[in-house]
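> Got a predicted model here, sequence first, then my questions.
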Amino acid sequence: LQQTEEVEVFSTPSYACQRRTTLDNHNAVLTDALSLLAENAELSGEDGRGVAFRRAAAALKALPLPVTRLTQLGGVPCLGGHSLRVIKDVLESGASPEVEALRRSERFKALKVLTGIFGVGVKTAGRWIGEGILTLRQLRDSGPTLNRAQRAGLRHYDDLNRPVGRAEAAAVAAVVEAAAGSVLPGARVTLIGGFRRGKQTGHDVDFLITHPEEGREAGLMPKLVSWLDSQGFLLYQKTNSNSYLEAAEGPARPASNMDRFERCFSVFKLPEEAGRGGAGAGGEGGPRPWRAVRVDLVVSPVSQFAFALLGWTGSKLFERELRRWAGHEMNMCLSSHALYDHRQSRYLRASSEEEIFAHLGLEYIPPSERNA
Ligand code: 8DG
Ligand code: MN
Ligand code: MN
């Protein structure tokens, strides 16, 4: 038998926003390993390293076939020495010793558990670990002061760490649509985030709300929230008001990545219906009548809708890469509000995502292919 093995050499563009990345990942073992290293870097406050591992993982997610040899990766961007070493280990022995050690590490496990509490960030988790708090039990026993978000997060820990399914997302959507329709007739509710990209599950459900008449959406969030609250749908909410003013941002102070829309981080009390979301909902006490679900609401004026839609559909890395492309390759500044062209010293208008990609000189990538 003659061994003439053809090994494809992959090549892919360097920005994630130039690539089509579906949910069909042919290199999940490799990308899981790199994502874990990214997560660990982020949990340790090393954001730069985190982004490097995220970029490496994203480059592999875009490949059309499984990688079997390191020599196939000559044309694949964003693979630094550290990432290549991990890839080599996984290809040769099925696992990376570094990644396996990380999975078992007490500090990493503790960081995951503690930041798994809604409202607990990397700094708080790190401080608690420094005080010897590594588990939820230790946290409950030692009783550090918790803010309102963290108390809700701890109370609903299990629910909020159980993935939200599409049927549950649809049920939340029905509630949000009823709320919006009631407080502002004509308001439009759009599912954004991971579900818009076609994911089957998510850690939350994200919505963008607007009204076709500019200005009618102003002040909508407090009304929406009080309707939801009065109907018993809210376990927790924190609303931020809109603080974006184009004139004030101006070219001299380009809009930052943090957006200024009316925005609400919430925990919904979602009634459990027969035939939906049953898995895990049972347990000792039989099926519960409701579950807690994280929901993010954003309100945008219709003039900024396309930018908000693009900015909130994700993935996070895809968004980051779009902004990097805009800045480094186009001398433009992209935010979830607007696109500013520094060469022309003016804002570029758009009423669809397609127009924004065109302004950026990029081929249009639909949401289902933004899973970088
Ligand atoms: P998941 O919930 O299914 O786990 O994933 P996801 O839906 O992709 O992630 P997400 O954390 O819910 O975030 C959804 C998108 O919203 C993502 O592209 C990042 C973006 N986003 C935030 N916060 C902010 C923000 O403050 N400003 C802007 N412009 N975008 C944000 O999560
Ligand atoms: Mn989401
Ligand atoms: Mn979200």
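Thanks, I have the structure now. Ligands and ions are numbered 1, 2, ... in the order given.
> Could you give the backbone dihedrals for Asn40?
phi -60, psi -40 (degrees, to the nearest 10).
> One more: Val67?
phi -80, psi 130.
> what does Ile133 give?
Main-chain dihedrals, Ile133, degrees, to the nearest 10: phi -90, psi 110.
> is it true that it touches Leu139?
Yes. Using Cβ atoms under 8 Å, Ile133 and Leu139 qualify as a contacting pair, with a distance of 5.2 Å. For the C-beta atoms, the positions are set from N, CA and C on the backbone; glycine is no exception.
> residues from the stretch 151-300 of the chain in reach of ligand 2?
Contact residues (Cβ under 5 Å from the ion) of the stretch 151-300 of the chain with ligand 2: Gly193, Gly194, Gly202, Asp204, Asp206.
> nearest residue to Asn25 other than its sequence neighbours?
Lys61 (5.1 Å; Cβ to Cβ, 6 or more residues apart in numbering).
> ok, which of the residues of the stretch 151-300 of the chain next to ligand 2 also contact ligand 1?
By Cβ under 6 Å from any ligand atom, the members of those lying near ligand 1 are Gly193, Gly194, Gly202, Asp204, Asp206.
> for this structure, which helix is longest?
Of all segments of type helix in the chain, defined using DSSP state H, the longest is helix 166-183.
> what packs against that one?
For helix 166-183, the helices and strands in contact under the criterion 3 or more Cβ pairs under 8 Å, 6 or more residues apart in numbering; DSSP states H and E are strand 188-192, strand 205-210, helix 220-230, strand 262-271, strand 290-299.
> residues of that helix that come out buried?
Arg166, Glu168, Ala169, Ala171, Val172, Ala173, Val175, Val176, Ala179, Ala180, Val183 (16 or more other Cβ atoms under 10 Å).
> Just give the nearest non-adjacent residue to the third one, would you?
Spelled out, that is Ala169. Val205 (4.6 Å).
> Near ligand 3, which residues of the stretch 251-372 of the chain? Just list them.
Counting by Cβ under 5 Å from the ion, the residues of the stretch 251-372 of the chain near ligand 3 are Asp296.
> need the helices for the stretch 251-372 of the chain, in chain order.
Counting by DSSP state H, counting those that start in this stretch, the segments of the stretch 251-372 of the chain that form helices are 305-313, 316-330, 353-359.
> shared neighbours of Ile133 and Leu139, anything?
Shared contacts of Ile133 and Leu139 (Cβ atoms under 8 Å, 6 or more residues apart in numbering): Leu114.
> burial count for the residue nearest to Asn25?
26 (other Cβ atoms under 10 Å).
> Contact partners for it?
Per Cβ under 8 Å, 6+ apart, neighbours of Lys61: Thr21, Asn25, Asn27, Thr31, Asn371, Ala372.
> I'd like the distance between it and ligand 2.
18 Å (Cβ to the ion, to the nearest Å).
> which phi and psi does that residue have?
As for Lys61, its main-chain torsions (degrees, to the nearest 10) stand at phi -60, psi -30.
> Residue of the stretch 51-200 of the chain closest to ligand 2, please.
Among the residues of the stretch 51-200 of the chain, Gly193 lies closest to ligand 2, at 3.2 Å counting by Cβ to the ion.
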